[in-house]
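Asker: Output the structure for:
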Amino acid sequence: MSTSRALSSTDASSWVLDLSNLTAALLPEDLILQPVWDYLHQHHQHLLRSPLFPVVLSVSTYFVLVGLYTGLDLLAPTWPCVHRYKLHPHRPVTSAHICATLGVTLYNHLLYIFPAAVAQWLWRPPTPLPRDAPTLWEFLLGIAGCTVVFDFQYYLWHLLHHRVPWLYRTFHAVHHQYSQPFSLVTQYLSGWELFSVGFWATVDPILLRCHCLTAWGFMVFNIYVSTEDHCGYDFPWAMHRVVPFGLWGGAPKHDAHHQRPGTNFAPFFSHWDWLGGTNTSTSTSTTLSGIPPTPTPSTEEDVKEEMKGRKN
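Answerer: Residues are numbered from 1 along each chain as shown. Okay, here's the model as predicted:
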C-alpha cells in the first residue's frame, strides 16, 4: 500500500514538473524571439556575422522609409486622406526638393558611409552570435535604454551646435535650410553630423551591453523615429500620439524646431527641453495655415547665425 502511494506521489510530481516546463516553454517572451533567432542563426549566420550587416540594415531601412514617405508626398495633393495629415498642406514637396535632398544624401553615403563600411569590413572581426536570444523584456528594455541615452547625447550635441556660432555655421546650418522638413531632410546633413549620429547609434548598445539582436532592433527603431520626426505628417499612429503625457516630441515638435531654431533640441523625448527651458508648444491653427510662425531663437546672435547659415 505504501509502495503504491509512493509511486502515485512520484507520478504526480513528474506530471507537475512536466506541466511547469510546458508552461515556461509557452511564455510569450521565449516563444516570440528564440525561434526567430534560431532561424536566423541557422540560415543566415554568415550574413549576420559580417561587419557590413549593420550598415546594410541601417541604409536599407532608411531608404525604404523615405521612399514610402516620398511616395506619400507625391500623392498627397491628389489624395485627401493623406493630405489632411500634412503639417503644411499648402507647401507641397516638389521634385526639386526631392532631387536636392536626395543628391546630398547620396553624396554623403558615397563619400562617408561607403568608405567607413569598407574599413569596418576589412578591420573588424566577425560579430559573435550567442546561441540564446534575448527575452522579450530584455529586447524592449534594451531598445528603450539606448533610446534614452541617445536622446540625451543628441540633446547636448544639438544644443551646443546652436549655441556656438562656428559649430552651427560650419556643420549644422545645412540641416536648417528647410524650415518645413520632409522625410529626406532627415539625412540632409553635413558629413560630421551624419558621422556623429551614426557613431552614437552604434556605440550605445555596446555601452549598455545589449544582445546583438537588440542592437539591430534599436538601429531600426532609431531610424524609424528619426524619419518620422522629419516626415511632415501628423498621423494618428505617430509615436507622439502613442506615448502618453506629452513625453514624446514627434513630428510637430521637430517641425517647430525648424521654424523656431532656439527651441525643441531633443530628438525624441520632451523632458530635456522642459528641464532646460527650451520647450515650445505647437499651434495647430498656425501649422495648418501653411504660414510659418515667427522664429524665436534663444538669443539675437542665434538669429544672425541662422540667417547666415541659410544664405550660405
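Asker: Roughly how far does the spatially closest residue to residue 167 that is not a sequence neighbour sit from residue 95?
Answerer: Leaving aside its sequence neighbours, residue 167 sits nearest to residue 161 (C-beta to C-beta, 6 or more residues apart in numbering; 4.5 Å). Where you see a C-beta, it was placed from the backbone N, CA and C, and this is true even at glycine. As defined by C-beta to C-beta, to the nearest Å, residue 161 lies at a distance of 30 Å from residue 95.
Asker: circling back to that earlier point, list the residues that contact the residue nearest to residue 167.
Answerer: 167-168, 171-172, 193 (C-beta atoms under 8 Å, 6 or more residues apart in numbering).
Asker: What subset of these is buried?
Answerer: Using 16 or more other C-beta atoms under 10 Å as the burial test, the contacts of residue 161 include 167-168, 171-172, 193 as buried.
Asker: of those residues, closest to residue 44?
Answerer: Lowest distance from residue 44 to the buried ones among the contacts of residue 161 (C-beta to C-beta) belongs to residue 193, with 32.3 Å.
Asker: Mind checking the pLDDT average for the helix or strand hosting that closest one?
Answerer: Mapping residue 193 onto the secondary structure by DSSP states H and E places it in helix 191-207. Averaged over helix 191-207, pLDDT sits at 92.
Asker: And for that helix, what's in contact with it?
Answerer: Surrounding helix 191-207, the residues in contact under the criterion C-beta under 8 Å, 6+ apart are 54, 58, 108, 111-113, 116, 142, 146, 149-150, 153-154, 157, 161, 171-172, 175, 187, 189, 214-215, 218-219, 222.
Asker: roughly how far is that helix from the heart of the chain?
Answerer: Taking C-alpha atoms, centre = their mean, to the nearest Å, one finds helix 191-207 lying 12 Å from the centre of the chain it belongs to.
Asker: Alpha carbons only: can I get that helix in CSV?
Answerer: Taking C-alpha atoms only, helix 191-207 is exported to CSV below (Å, rounded to 0.1, in the frame of the first residue of the first chain):
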residue,chain,number,x,y,z
GLY,A,191,29.3,64.7,-43.0
TRP,A,192,30.3,65.5,-39.4
GLU,A,193,26.7,65.4,-38.2
LEU,A,194,26.0,62.1,-40.1
PHE,A,195,29.1,60.5,-38.6
SER,A,196,28.5,61.6,-35.0
VAL,A,197,24.8,60.5,-35.0
GLY,A,198,25.8,57.1,-36.5
PHE,A,199,28.6,56.8,-34.0
TRP,A,200,26.3,57.1,-31.0
ALA,A,201,23.7,54.8,-32.5
THR,A,202,26.4,52.2,-32.9
VAL,A,203,28.2,52.7,-29.5
ASP,A,204,25.2,53.0,-27.2
PRO,A,205,24.1,49.3,-27.4
ILE,A,206,27.7,48.3,-26.7
LEU,A,207,27.9,50.6,-23.7
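Asker: how much does the following helix or strand past it deviate in direction from helix 191-207?
Answerer: Following helix 191-207 in sequence order, the next helix or strand is helix 212-230 (DSSP H and E). Going by axes from the mean of the first three to the mean of the last three C-alpha atoms, to 10 degrees, helix 212-230 is angled at 140 degrees with respect to helix 191-207.
Asker: ok, so of the buried ones among the contacts of residue 161, who is nearest residue 135?
Answerer: Distance to residue 135 across these (C-beta to C-beta) is lowest for residue 193, with 35.2 Å.
Asker: Could you measure from that closest one over to residue 108?
Answerer: Relative to residue 108, residue 193 is positioned 9 Å away (C-beta to C-beta).
Asker: same question, residue 151
Answerer: When distance is defined by C-beta to C-beta, residue 151 is 23 Å away from residue 108.
Asker: And for residue 157?
Answerer: 18 Å.
Asker: Low-confidence stretches in the chain?
Answerer: 1-31, 282-312 (pLDDT under 70).
Asker: Setting aside sequence neighbours, what's the nearest residue to the spatially most central residue of it?
Answerer: Nearest to the mean C-alpha position of the chain, counting by C-alpha atoms, centre = their mean, stands residue 222 at 1.9 Å. Nearest in space to residue 222, with sequence neighbours left out and distances taken as C-beta to C-beta, 6+ apart, is residue 201 at 5.3 Å.
Asker: do the same with residue 126
Answerer: Once its chain neighbours are removed from consideration, residue 126 has its nearest residue in residue 49; the separation is 4.0 Å (C-beta to C-beta, 6+ apart).
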